[in-house]
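Chemist: Here is my input; please provide its structure:
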Amino acid sequence: MLLTRIKGPRDLDRLSPEQLNQLAAEIRSFLVDAVSKTGGHLGPNLGVVELTIALHRVFESPKDKVLFDTGHQAYVHKLLTGRQDFTGLRTKGGLSGYPSRAESEHDVIENSHASTVLGWADGLAKANQVLGREDHHVAAVIGDGALTGGMAWEALNNIAAAKDRPLVIVVNDNERSYGPTIGGLADHLATLRTTDGYERFLARGKDLLERTPVVGKPLYETLHGAKKGLKDFIAPQGMFEDLGLKYIGPIDGHDLEALESALTRAKRFSGPVIVHCLTQKGRGYTPALEHEADRFHAVGVIHPDTGLPVKTAAASWTSVFADEMVKIGHDRPDVVGITAAMLHPVGLNKFAEAFPDRIYDVGIAEQHGATSAAGLATGGVHPVFAVYATFLNRAFDQVLMDVALHKCGVTFVLDRAGVTGDDGASHNGMWDMSILQVVPGLRLAAPRDAEQLRAQLREAVEVEDAPTVVRFSKGVVGPAVPAIGRIGGMDLLRAPAPEVRQPDVLIVSVGALAPMCLEIADLLDKQGISATVVDPRWVKPVDEALAPLADRHRVVVTVEDNGRTGGVGAAVSQALRDAGVDVPLRDFGIPQRFLDHALRKEILAEIGLTAPDIARQVTGLVAKLDGRYDTEPAAAVD
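Modeler: Numbers count the residues shown, from 1 in each chain. Below you'll find the predicted structure:
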């Protein structure tokens with residue numbers, strides 16, 4: 001196999017055109033076989049095989065910087081830079097599903113939030129200019145979906161301002177992000193795809209006019225000088241050239257010779273250039289091409305021949321939300337849905353099918369989505385903006401200053417909150433409950449099971465004078481956790497024996513960690529330590545009944561799937577201080593560091609967010625209060 005002989009990008013230089021095409025076929029076969037066993041981003045990588053080969057033949061990584069936005073299309077890049085062991089893809093100790101500086105000097109950026117690559121490229125190109133590195137180049141690959149993000153256009157505005165600063169922007173145009181790309185830019189690119197190219201027209205005209213005596217050459221030069229007008233007429237790429245960006249394309253993104261020619265010309269140019277490449281997401285794999293929803297953007301473990309899942313998926317948090325949103329849509333004609341280019345991943349596809357006139361896909365533009373939601377609310381409807389928890393970070397200012405300041409009734413539904421695992425540091429939704437704590441008036445719900453998700457989503461859309469947030473985990477929804485009573489607005493999940501006058505520990509359980517908290521209480525009980533477990537349901541604001549309840553216990557413990565700094569534990573601690581309740585409090589959550597990719601359960605074990613780990617520490621704290629130890633014991637809880 002040719003692929004096994006590729007140890008680095010320069011090994012590509014020795015291959016003939018026929019061998020390069022053979023290599024592309026081998027890569028596609030490798031990807032289908034490898035990713036079907038581990039899961040991962042299959043469709044995007046099948047679409048960029050030839051493009052990645054051409055990039056590494058034209059540019060000299062790592063001296064030249066080859067950047068990918070968002071990074072889920074970098075599997076081929078990994079293969080060509082010496083990383084061909086995909087057996088542990090996206091698992092602990094294996095390859096990351098995104099570029100990773102720890103893996104290779106060829107990986108420059110590893111932030112897998114979309115629309116950022118052009119900002120990075122602008123900075124790297126500026127650094128080359130400042131340091132006089134004229135033999136260094138920057139090539140940034142951005143999808144047409146990522147170009148819907150405002151950050152991309154902010155960067156383009158700055159890139160275009162420097163006509164003498166070399167930078168190659170490769171637009172990987174497959175008409176999709178997760179699903180089909182939408183909006184005005186998508187329409188513009190569609191026009192470019194379907195219009196005869198200006199360069200072919202001009203080439204034919206040149207051949208004819210240069211054979212015409214006397215007037216032929218001057219007439220051709222005049223025609224060439226009228227290039228801008230002709231381009232707008234024949235292929236309206238003027239949008240880019242109006243910004244001052246040289247435009248090359250559209251190029252067949254699966255024609256290696258055409259790609260290398262275009263990229264070589266772009267590399268030689270002394271200013272910023274856009275190379276517009278047309279690619280096919282899922283190319284070469286029939287099950288992906290026939291999957292209209294997202295062309296196998298991301299898959300679990302599948303059968304490589306059929307593309308069908310190996311295991312039947314159990315009900316997920318996302319599916320519970322999806323079904324309940326349809327029911328709410330029938331009950332409330334004023335409820336609308338908003339997604340940021342992720343209709344299927346966040347579960348709004350069913351709502352879209354039922355109410356096609358009440359769904360808005362804003363593209364990869366979370367900031368715009370939040371402010372547009374404020375406008376919708378002000379106009380008299382109730383928007384539900386469903387987004388991954390990690391991506392709401394990008395719209396914090398809009399949540400604060402547009403939605404909350406104006407007391408708009410907008411519901412944000414945060415999918416994949418807490419530790420998500422296999423997508424790595426940028427996808428763990430561990431920031432939302434800390435960031436949102438500072439937003440005045442905002443109400444935040446963390447459902448513990450499917451029943452509570454349905455109930456709290458309905459409670460959220462009833463609020464019309466403030467933003468509401470409902471957050472839940474990635475993956476399979478756990479078993480129902482019934483309440484045995486209610487204290488204020490909190491659900492009582494476990495109470496100590498009636499004869500216990502002052503229970504030892506009050507455990508404040510947040511969201512899907514309720515089963516873990518009940519297990520902690522069981523482990524404590526075996527040590528003779530009594531415990532009460534409550535689920536606040538709405539963790540912001542802190543329930544007024546919590547402080548008096550805490551005052552009747554010796555220790556308060558909070559357990560949350562969120563960063564410890566500024567999280568629910570911090571809010572509870574502040575509420576107790578404000579109420580004059582002087583009870584020791586221990587907050588358990590995610591440490592404030594970027595977590596490497598691994599299974600969720602592996603990460604929870606690594607950071608000590610498990611029932612035995614927490615019970616051990618709480619046992620030590622209670623023993624210290626009893627005066628049995630001078631310091632917290634290290635003995636394990638059986």
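Chemist: for this protein, longest helix please?
Modeler: Once the chain is assigned using DSSP state H, the helix that runs over the most residues is helix 17-38.
Chemist: just checking, what packs against the helix or strand following that helix?
Modeler: Sequence-wise, the next helix or strand downstream of helix 17-38 (DSSP states H and E) is helix 43-46. Helix 43-46 sits against helix 17-38, with contacts defined as 3 or more Cβ pairs under 8 Å, 6 or more residues apart in numbering; DSSP states H and E. (Each C-beta comes from the backbone N, C-alpha and C, glycine too.)
Chemist: Buried ones in the helix it packs on, by neighbour count?
Modeler: Along helix 17-38, the positions that meet the burial threshold by neighbour count (16 or more other Cβ atoms under 10 Å) are 20-21, 23-24, 26-28, 30-32, 34-36, 38.
Chemist: How far off centre is it?
Modeler: Shown here is helix 17-38, whose average C-alpha point lies 26 Å from the average C-alpha point of the whole chain (Cα atoms, centre = their mean, to the nearest Å).
Chemist: would you put the C-alpha positions of it in CSV?
Modeler: Output for helix 17-38, consisting of C-alpha atoms alone and laid out as CSV, is shown next (Å, rounded to 0.1, in the frame of the first residue of the first chain):
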residue,chain,number,x,y,z
PRO,A,17,-0.2,11.5,-10.7
GLU,A,18,-1.4,7.9,-11.0
GLN,A,19,0.0,7.0,-7.6
LEU,A,20,-1.6,10.1,-6.0
ASN,A,21,-5.0,9.0,-7.3
GLN,A,22,-4.3,5.5,-5.9
LEU,A,23,-3.3,7.0,-2.6
ALA,A,24,-6.6,9.0,-2.4
ALA,A,25,-8.5,5.8,-2.9
GLU,A,26,-6.5,4.0,-0.2
ILE,A,27,-7.1,6.9,2.2
ARG,A,28,-10.9,6.7,1.7
SER,A,29,-10.8,2.9,2.2
PHE,A,30,-8.8,3.4,5.4
LEU,A,31,-11.1,6.0,6.7
VAL,A,32,-14.3,4.0,6.2
ASP,A,33,-12.6,0.9,7.8
ALA,A,34,-11.1,2.8,10.8
VAL,A,35,-13.8,5.2,11.7
SER,A,36,-16.5,2.5,11.4
LYS,A,37,-14.8,0.7,14.3
THR,A,38,-14.3,3.7,16.6
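Chemist: ok, and what's touching that helix?
Modeler: 1-3, 6, 12, 15, 41-42, 45-46, 49-50, 53, 75-76, 79, 84, 86-91, 256-257, 283-285, 299, 301-304, 307 (Cβ atoms under 8 Å, 6 or more residues apart in numbering).
Chemist: The same query, at a cut-off of 7 Å, please.
Modeler: Under the contact criterion Cβ atoms under 7 Å, 6 or more residues apart in numbering, helix 17-38 has outside partners 1-3, 15, 42, 45-46, 49-50, 53, 75-76, 79, 86, 89-90, 256-257, 284-285, 299, 301-304.
Chemist: Buried ones among the residues you listed?
Modeler: 2-3, 15, 42, 45-46, 49-50, 53, 75-76, 79, 86, 89-90, 256, 284-285, 299, 302.
Chemist: Now render the buried residues of helix 17-38 as TSV, adding pLDDT.
Modeler: What follows is the buried residues of helix 17-38, written out as TSV (pLDDT from 0 to 100):
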residue	pLDDT
Leu20	96
Asn21	95
Leu23	97
Ala24	96
Glu26	96
Ile27	95
Arg28	95
Phe30	94
Leu31	94
Val32	93
Ala34	92
Val35	93
Ser36	92
Thr38	91
